[in-house]
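Engineer: sequence-free structure coming up:
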């Protein structure tokens, strides 16, 4: 332990915050859902379907591709997979949002004609927030699979746009929060 004693009073007295802060994601309500539609988000068809056994295996398939995480245990991962579980692209980053941006951006740069993100499944190593669902909807991803839980706003957005969201995927168990009808078997 270090104790620091400074002579005299501080030059400037500490200020009191006059605002309320919360741990929420910073977006809420109908305006947020409308904003996704305004950005080009459209209701997704309920195909392709994804077999339940594939969904159950996706977090492990993501982990198998995470080389830096295997060495350090310190990075999030995100990956786009075909509905049969084949990996298309996996990226790692200190933040799950950044990893998500990397995989979706990679596929968008390739273009839809060269296997863009449409019709793919996004797998993330953490929880699912509104922003990740928003990115998935705008990219045309059909499902988001995560080892953690989604936020309530993420689930609402997914339901509105036809995106399947599955959380707590581990040990053969899972919870489908939005559009479970896409999961077969």
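Structural biologist: Arrived safely. A quick note: this is a predicted structure, and the numbers were derived from the prediction, not measured.
Engineer: can you tell me the SS state at the most centrally placed residue in the chain?
Structural biologist: Centroid-nearest residue in the chain, with CA atoms, centre = their mean: residue 132, separated by 3.7 Å. The three-state label given to residue 132 by DSSP: H, G, I helix; E, B strand; the rest coil is helix.
Engineer: double-check it against residue 148; I have them as touching.
Structural biologist: No - Residue 132 is beyond contact range of residue 148, at 10.7 Å (criterion: CB atoms under 8 Å). For the C-beta atoms, the positions are set from N, CA and C on the backbone; glycine is no exception.
Engineer: what about the strands in this protein?
Structural biologist: Secondary structure of the chain (DSSP state E): strands at 50-51, 76-81, 87-93, 121-124, 143-146, 164-170, 173-178, 183-184.
Engineer: burial count for the residue nearest to residue 85 when sequence neighbours are not counted?
Structural biologist: For residue 85, ignoring the flanking residues on the chain, the nearest one in space by CB to CB, 6 or more residues apart in numbering is residue 54 at 4.3 Å. The burial count assigned to residue 54 is 21, neighbours taken as other CB atoms under 10 Å.
Engineer: pLDDT below threshold where in this structure?
Structural biologist: 1-2, 4, 6, 8-41, 112-117 (pLDDT under 70).
Engineer: mind listing the helices for it?
Structural biologist: Ranges of helices in the chain, per DSSP state H, are 29-38, 52-65, 67-72, 96-110, 130-139, 152-161.
Engineer: can you say which of those is nearest to residue 168?
Structural biologist: helix 52-65 (10.0 Å; CB to CB).
Engineer: next, the buried residues of the closest one.
Structural biologist: 52, 54-59, 61-63, 65 (16 or more other CB atoms under 10 Å).
Engineer: give me the contacts around that helix.
Structural biologist: 69-70, 77-79, 81, 83-85, 87, 90, 121, 123, 125, 143, 145-147, 166, 169-170, 172-174, 183-185 (CB atoms under 8 Å, 6 or more residues apart in numbering).
Engineer: ok, now with 7 Å
Structural biologist: 77, 79, 81, 83-85, 87, 90, 121, 123, 125, 145, 147, 166, 169-170, 172, 174, 183-185 (CB atoms under 7 Å, 6 or more residues apart in numbering).
Engineer: can you check stretch 128-136 too?
Structural biologist: Contacts for stretch 128-136 (CB under 7 Å, 6+ apart): 25, 27, 36, 97, 100, 104, 122, 124, 144, 146, 148, 150-151, 153-154, 157-158, 163, 165, 167.
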